[in-house]
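> here you go, sequence then predicted model.
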Amino acid sequence: MEILDRLAQYMVGEQLCDQQDRILLGVSGGKDSMLMAYLLWKLDYQIAIAHCNFKLRGEESDLDEALVRQFATKHDIPFFHTQFDTQLHAEQQQLSIQMSARELRYQWFEQLCETHNYQAVAVAHHQQDHIETVFINLTRGTGLRGMRGIAAKRDRIIRPILWMSQHEITETVKQLDIPYRDDQSNFSNKYVRNKIRLDILPQFRTLNPHFDTVMLDNIERLAESYDLLQRLTDDVRKKLFVAEAERISIDKSSIEVYMHDLPLLFELFRPFHFEKNIVADLANSELQHIGAQFESESHVILVDRSKLFLYRRSQLPLNQQYLNLEEPRLIIAERTLSLQIGTDTALHASKNKAQVDFEKLVFPLTVRSWISGDRFRPLGMQSSKKLSDFFIQKKVPLLEKNQVPILVNGNGEIIWIIGYQLDNRYRMSENTKKVATFVYR
């Protein structure tokens, strides 16, 4: 059968899955998903069928479920089914009915894959869905990325019949006498996709009878342009973005040449979910504001003296601040660090107080989070110790390390791990005449 050969070639060409993979099929009962199930069954893939009853069409929804169950039983295919109160979920999550159904469906598919060891989930999108998605994305302003339409494979989701037209699906279903049910909601223009399918795209087809072919060619070329852009951007990103233990560092001198190329700068930071207006603010700042922060939903850019540091929000360090004699007080995470200068050399030991030989200080002092590679000399020792090892010894939880303030001298040496340990180089001695007392409370 020619269509089976074409499907087999597509599966291999797009590297959708391996022949031995176990595939979960999302089957609604419509002609698209019923054809997909039949063809993959004929190709002897290890398949199971998953059907969601969204309880939106009363008896019609139940008849869809019965049809899919009968098909699975007839062909000896494992069958999973579930029912959702889609309307209630949409109201609780403040989603549209379509988005609610999608979220429920894919969450359930993921659970089935984890529980029953399926490597892929096949859904029955086809060429017209591909085109409709581009138009939907145009209305949402997703840019070149959205103009690629639907991917043949994304994570474990695969789309085996994306290459088929709606007409070819209809004719093949008729020829093979595959049972299916029409969802009457597909013929209502109540939903955005249906409005595009029923009202908008037919107008384009009156302008050009070959509109679908032209659009598919456009989508392919846009996808190629997007891929080319990503490859070029990835090359630049690899040169500029240096991965460190818990962050990425970027030399200001290296990225300055790109600061006036906003489209490229946006692409460099887009994988970290930065909006274009935030990247524009970064570019307009000209990297002069030490300590400035630029935030996305998942990451934060911190501007340092000679570098930019990119952190995940979960790894966000304390804001870097500077302590001067003119401003001897800082607010650090709702606590206060203050500096007093005196001549009293009597020792007043406290974990939240550090007494330091003033003459050894180089202002301004810096208060920051720890950095991978930091070393200091614990009080009473002449040899240095990695700060990471010190945290392990003190059993400081991983997610709390970035919240421990580190007082750093102007020469780059650590003075005090605030609240934990003074550096031996800065302790008072018999030669100390002037004392700098730091209090953290």
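Structure received.

> flag the shaky bits of the stretch 251-400 of the chain, pLDDT-wise.
Confidence mapping of the stretch 251-400 of the chain against pLDDT under 70 gives the ranges 314-317, 397-399.

> quick one: the strands in it?
According to DSSP state E, counting those that start in this stretch, the stretch 251-400 of the chain carries its strands in the segments 293-295, 299-303, 307-312, 321-323, 329-332, 335-342, 353-357, 365-368, 375-376, 385-386.

> correct me if wrong, but C52 is in a helix.
No. Remark: C52 does not belong to a helix; assigned using DSSP: H, G, I helix; E, B strand; the rest coil, it is strand.

> returning to that earlier point: make CSV from the strands of the stretch 251-400 of the chain and add mean neighbour count and distance to K42 to it.
C-beta: built from backbone N, CA, C; applies to glycine. Listed next are these as CSV, based on neighbours: other CB atoms under 10 Å; distance: least, CB to CB, whole Å:
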stretch, mean neighbour count, distance to K42
strand 293-295, 16, 52
strand 299-303, 20, 47
strand 307-312, 20, 46
strand 321-323, 18, 67
strand 329-332, 14, 67
strand 335-342, 15, 69
strand 353-357, 22, 76
strand 365-368, 21, 63
strand 375-376, 20, 66
strand 385-386, 14, 62
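
> now distance to A436 too, for these, in JSON lines please.
Converted to JSON lines, the strands of the stretch 251-400 of the chain look like this (distance: least, CB to CB, whole Å):
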{"stretch": "strand 293-295", "distance to A436": "29"}
{"stretch": "strand 299-303", "distance to A436": "27"}
{"stretch": "strand 307-312", "distance to A436": "28"}
{"stretch": "strand 321-323", "distance to A436": "10"}
{"stretch": "strand 329-332", "distance to A436": "13"}
{"stretch": "strand 335-342", "distance to A436": "6"}
{"stretch": "strand 353-357", "distance to A436": "5"}
{"stretch": "strand 365-368", "distance to A436": "9"}
{"stretch": "strand 375-376", "distance to A436": "17"}
{"stretch": "strand 385-386", "distance to A436": "23"}
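
> how about those strands, which one is nearest R156?
The closest of the strands of the stretch 251-400 of the chain to R156 is strand 307-312. By CB to CB, the value is 24.2 Å.

> partners of that closest one in the sheet?
strand 248-251 (antiparallel), strand 299-303 (antiparallel) (DSSP bridges).

> N117 is nearest to which of the ones you listed?
Per CB to CB, nearest to N117 of the strands paired with strand 307-312: strand 299-303, 33.8 Å.

> distance from the chain centre to the closest one, please.
16 Å (CA atoms, centre = their mean, to the nearest Å).

> what's in contact with it?
Strand 299-303 is contacted from outside by 269, 272-274, 282, 285, 287, 289-295, 308-313, 316-317, 319-320, using CB atoms under 8 Å, 6 or more residues apart in numbering.

> if we can go back for a sec, would you format the strands paired with strand 307-312 as TSV with distance to I161 included?
Output for these, formatted as TSV (distance: least, CB to CB, whole Å):
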stretch	distance to I161
strand 248-251	40
strand 299-303	37
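
> measure stretch 253-260 end to end?
End-to-end distance for stretch 253-260: 14 Å, by CA to CA, to the nearest Å.

> in the longest helix seen in the chain, what counts as buried?
Ranked by number of residues, the top helix in the chain under DSSP state H is helix 211-240. Of the residues in helix 211-240, 211-212, 215-216, 219, 222-223, 226, 230, 233, 236-237, 240 count as buried by neighbour count, 16 or more other CB atoms under 10 Å.

> in a markdown table, list the residues you listed along with distance to Q98 and pLDDT.
Formatted as a markdown table, those follow (distance: CB to CB, whole Å; pLDDT from 0 to 100):
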| residue | distance to Q98 | pLDDT |
| --- | --- | --- |
| F211 | 25 | 96 |
| D212 | 23 | 95 |
| M215 | 22 | 96 |
| L216 | 24 | 96 |
| I219 | 22 | 95 |
| L222 | 25 | 94 |
| A223 | 25 | 93 |
| Y226 | 26 | 93 |
| Q230 | 29 | 94 |
| T233 | 33 | 96 |
| V236 | 38 | 96 |
| R237 | 35 | 97 |
| L240 | 40 | 96 |
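
> ends of stretch 415-426, what's the gap?
End-to-end distance for stretch 415-426, by CA to CA: 6 Å.

> counting neighbours, which bits of it end up buried?
For stretch 415-426, the neighbour count (16+ other CB under 10 Å) marks 415-418, 420-423, 425-426 as buried.
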